[in-house]
Every structure is written in C-alpha cells, then in structure tokens.
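Asker: Prediction below, plus the sequence it came from.
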Amino acid sequence: VSISPLPEYSPSSPAPEYSDELLLGEERLEHTPRPDRLRPTPTGVFVKKAGRTSIVLNEQEDGVRVPSYGRHAVVSGAICLENPSIVEEVTVKLDGRMDLTISEGGSKSHKLVNETYTLWSRKDATAEQPICPYSVPFSLLIPSTYEEGDKTRPLPPSFDTAFPGVPGLFAKCIYTLVVTIVKIRHRKMTWLTKNKTISIRLHYHPRTRPHRPNVSSPCLFSSLKVAPEEWQQATAQMQPRPSSSLTPIDCHLMVPAAQIFGLEEAIPFHIQLTGTIASLRAFLPQSTEVYPLSPIDTTSTVDTSATLLRLSRSSSYTPPSPKPVIRVFLLRQISVQVRGQKAWRNCTLGEGKIWPLPPPAGSMDCLVPEREEANLDWEGEVRCNRNTMVGGFNAGQLAVKDFIVLALTPPDPHSSPLLEFQYAHPIRFVTDPWTD
C-alpha cells in the first residue's frame, strides 16, 4: 500500500497588532468602559476606635460614616492594638444576612455571608514572633454570590425598608465586619480569658450600568423617523363605563427602548391618546386644565385649550368642575416571601414633569364630527428621588422591581363616562448611567 507524503507546511505569519484606538474606516460596535477609569479607587481610610483598639479600613472616601464596597471588592485594613502582649487570638468575620418579616408569615433570616478567619493565635505563634504584633493586617474578598437551597444567586446589595402598620412588611440585607480579640485577664492565669468584639456595618453597593445608551434625542417626533429602534411603545386602553356609548381611548406610552436606566438619569417619555372626538372630550372637556394628582408632583399645569380646538364644539356633554389628571410616575414594588406566604408593598420613587405638544396645523378644524378620531400628545421626563440609592434586584425571597406608570383620572371619576386608567410598564434601575 502506497502512502502519499504529507504536504509541506510553512510557518504561519505573526498575528497583526491590535489597538483600542479606531483606525480610518473602522467603527466601534460595542464598548464597555473599565470601572477604574470611570470611578478611581478612593485613597482615604475609615477608622473605628473601641477603647484602646482601632480598626482601620483602606480605600474609603474621606469622611464616610459607613465603609462602602462594590462587587468583587476586597475589605482590607489593619487591627491596631495598644497592648498586644496579653492577646491570645485575633479573628475577623465577614457576616451578611437577609432578615424578612411579614404579618402573614412571620419572620425569617437567611445567611448571605459567613466567613471567619484567624489572623493571629498564640497557639500557632512562632519563635520569631511569640507575641501578637501591634498591627495585624487583614484582607477579605466579598463573595459575589450566595447559596439558597440548590440555587446560586447574586449577592444582594445593602437594603433596608420598612412598611409598618397592618399588614406590615420589613426587609433588610445587612453586612457586618466583626473583629474579635481574645485577651488573658492576668499574666499568671493565662487560662482566664475575655473577649472583645468590635462590629462595623458595611455598605455593599455592587455597581451596574445599562448595556446601551439612552435615546439620542428626548423628543419622540425628532428621533422616531431617524432611529425608531430607540423607542419602545406600550399600548393599553382607557375603558368607558358599560352604560356609556363612548368608545375606549388608546393610550400609548413611549419610553427609551433600553428600558434600563441609571438612578440619576432623567427618563424621557411620550404620551399619545387616540380616540374619537367624543371620548377625548369626555376626558378633556373644552377649556380645562390638567392638574397634578399629588402635591409632591412637579408637573407643570397643562393648558389644553389650544389642543382642544381640534375637537368639536357641538358636543352636548357638559363638563363637570373637577379637572382631569395625567400623571407619570416611578413605582417600586417590594415583594417578600416567608414560609410560603407572599406579600408586597408599593412606593413611589419619583413624579414626572409633563408638557403638551401642539396639534398638527391641518387638524385645527372646529367642525370635526364626534365619531372622527383624533390624537392628543404630551411629552415629559421623570427621574428617581435623590434618596433612592439601590436599583432593582432579585434575591429569591426578596425581590425589588420597578415600573414607569401612566395614570389617567377623568373629571369627577364617580360620574364620568370613563373609568380611571393606570398602566405599569416594567423597567430596571441600575447604579450608573451608560458611559461612552
């Protein structure tokens, strides 16, 4: 049997040189900036004193009351002792727990982190160093996950919320650094010891950012034709009462398609109401104004008199004195599960600012029949309150979800031919905005 010889191979050419700088004709498709470039590591220290003992934590902002750490962070520092000759042992513990309480299911506590390390012990002392040093350094890595049964979940951020009353709901995610120093009471009685425990509350704040930027222009009309993929549309209907002859109003809420926003970002939105002239006039009677629903709402008063010129003046509907309300706000839902029982509570994170958009010039006809359809448009923005520090997360038995809500209240809701309307569109909040 004849075997043909193998072909000759020449050495491969070296790989081309690469650079993160764009060359002529190249385009960057996606880029994730390095965290250390966006947020440099702090150079200050946090000091906790307890009697003659001091705990020093490195890489902290100057003047902070609670040390803060991010994802995959290292808790590093030193334990400074004034009289180390009587020290028998020094241990440090990183403790994390999730405490949940609801009226329906009682209370439950779950361990998130439970790691203990012996930094120095007289039992393991060497001849070169038989006495504990004056400064005992330590370095602990915060785990990024925890175990819940057979599931591995991301470690939740520090979190504390309380809804007292009946039924009540309380939820906490707490992280603590615990230093324990074992000392002998008397040099001649080394078997007699006493423990000194120092606890330091830690703020675990894992940082995240959206995978894509927000819309290039906050105005829907100026960006929809150029980049329609930048907007996400949600549609629901404001229903009339069964006894009414009115038709439903289609409510369109447009938000940026990313649907993931930084806690300090302003979220632009667009509202469009589409329906018959009769239905729109039942919600917005002629020569009325739209007022905010809540006193903390910073929504500007919206004069709809110009917009309503497009609606028929021949309607027999008599507007009541109360004013209609258009409200956009941020809603947070906190749900807790304890021993098979589930409960949730809602809170408002921020109120939106809304302003009207003028109707097209061709629709300013006052003689439009009531059965004809028309559009009313508003745009605005909404952002979280300044005291919102944590984004949404899911820790199994504790979940925090966020929504942008469009709420419409007709004039005199008890007698109006239209029912009150509310639509909640899910979004997600993260700690930082997208950065190029």
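Answerer: Yes, it's here. Numbering: from 1, shown residues only.
Asker: Residue ranges of each domain in the chain, please.
Answerer: 35-204, 220-430 (automatic domain parsing).
Asker: Listing request: residues of the stretch 1-150 of the chain with sub-threshold pLDDT.
Answerer: 1-3, 10, 12-21, 30-39 (pLDDT under 70).
Asker: Helices of that one, start to end?
Answerer: 35-38 (DSSP state H, counting those that start in this stretch).
Asker: can you pull out the strands in it?
Answerer: Counting by DSSP state E, counting those that start in this stretch, the segments of the stretch 1-150 of the chain that form strands are 44-50, 53-60, 68-69, 74-80, 87-102, 106-121, 135-141, 145-148.
Asker: Next, format those as CSV and append distance to residue 341 and mean neighbour count.
Answerer: For the C-beta atoms, the positions are set from N, CA and C on the backbone; glycine is no exception. CSV is the format used below for the strands of the stretch 1-150 of the chain (distance: least, C-beta to C-beta, whole Å; neighbours: other C-beta atoms under 10 Å):
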stretch, distance to residue 341, mean neighbour count
strand 44-50, 39, 15
strand 53-60, 39, 19
strand 68-69, 33, 18
strand 74-80, 35, 19
strand 87-102, 6, 20
strand 106-121, 8, 14
strand 135-141, 36, 15
strand 145-148, 17, 14
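Asker: Of those strands, give the one that comes closest to residue 238.
Answerer: strand 87-102 (33.9 Å; C-beta to C-beta).
Asker: who's the closest residue to residue 63 other than its chain neighbours bridged to?
Answerer: With C-beta to C-beta, 6 or more residues apart in numbering as the criterion, residue 63 has its nearest non-adjacent residue at 7.7 Å, and that residue is residue 44. Beta-bridge pairing for residue 44 (DSSP bridges): residue 60.
Asker: So which bits of stretch 419-436 are buried?
Answerer: Buried positions in stretch 419-436, judged by neighbour count with 16 or more other C-beta atoms under 10 Å: 419, 421, 423-425, 427-432, 434.
Asker: longest helix in the chain, by residue count?
Answerer: The longest helix of the chain (DSSP state H) is helix 277-283.
Asker: Now the residue nearest the centre of the chain. Its backbone dihedrals?
Answerer: Residue closest to the average C-alpha location in the chain (C-alpha atoms, centre = their mean): residue 391, at 1.7 Å. Residue 391 adopts backbone torsions of phi -80, psi -170, taken as degrees, to the nearest 10.
Asker: Hmm, it is touching residue 208, no?
Answerer: Yes: contact criterion C-beta atoms under 8 Å: residue 391 and residue 208 qualify, at 6.8 Å.
Asker: Residues that sit against both of these two, list them.
Answerer: Residues touching both residue 391 and residue 208 (C-beta atoms under 8 Å, 6 or more residues apart in numbering): 430-431.
Asker: element containing residue 185?
Answerer: Assessed by DSSP states H and E, residue 185 sits inside strand 169-186.
Asker: nope, residue 242 is what I was after
Answerer: Per DSSP H and E, there is no helix or strand for residue 242.
Asker: neighbours of it, just the number please.
Answerer: Residue neighbour count, defined by other C-beta atoms under 10 Å, stands at 6 for residue 242.
Asker: How about residue 239?
Answerer: Counted with other C-beta under 10 Å, residue 239 comes out at 15.
Asker: surely it meets residue 420?
Answerer: No: using C-beta under 8 Å, residue 239 is not in contact with residue 420; the gap is 9.6 Å.
Asker: what's across from residue 273 in the sheet?
Answerer: Bridge pairing for residue 273 - DSSP bridges - gives residue 251, residue 376.
Asker: was I right about residue 99 contacting residue 111?
Answerer: No: assessed by C-beta under 8 Å, residue 99 is found out of contact with residue 111, at 10.7 Å.
Asker: quick one: low-confidence ranges for the stretch 251-400 of the chain?
Answerer: In the stretch 251-400 of the chain, residues with pLDDT under 70: 286-321, 359-369.
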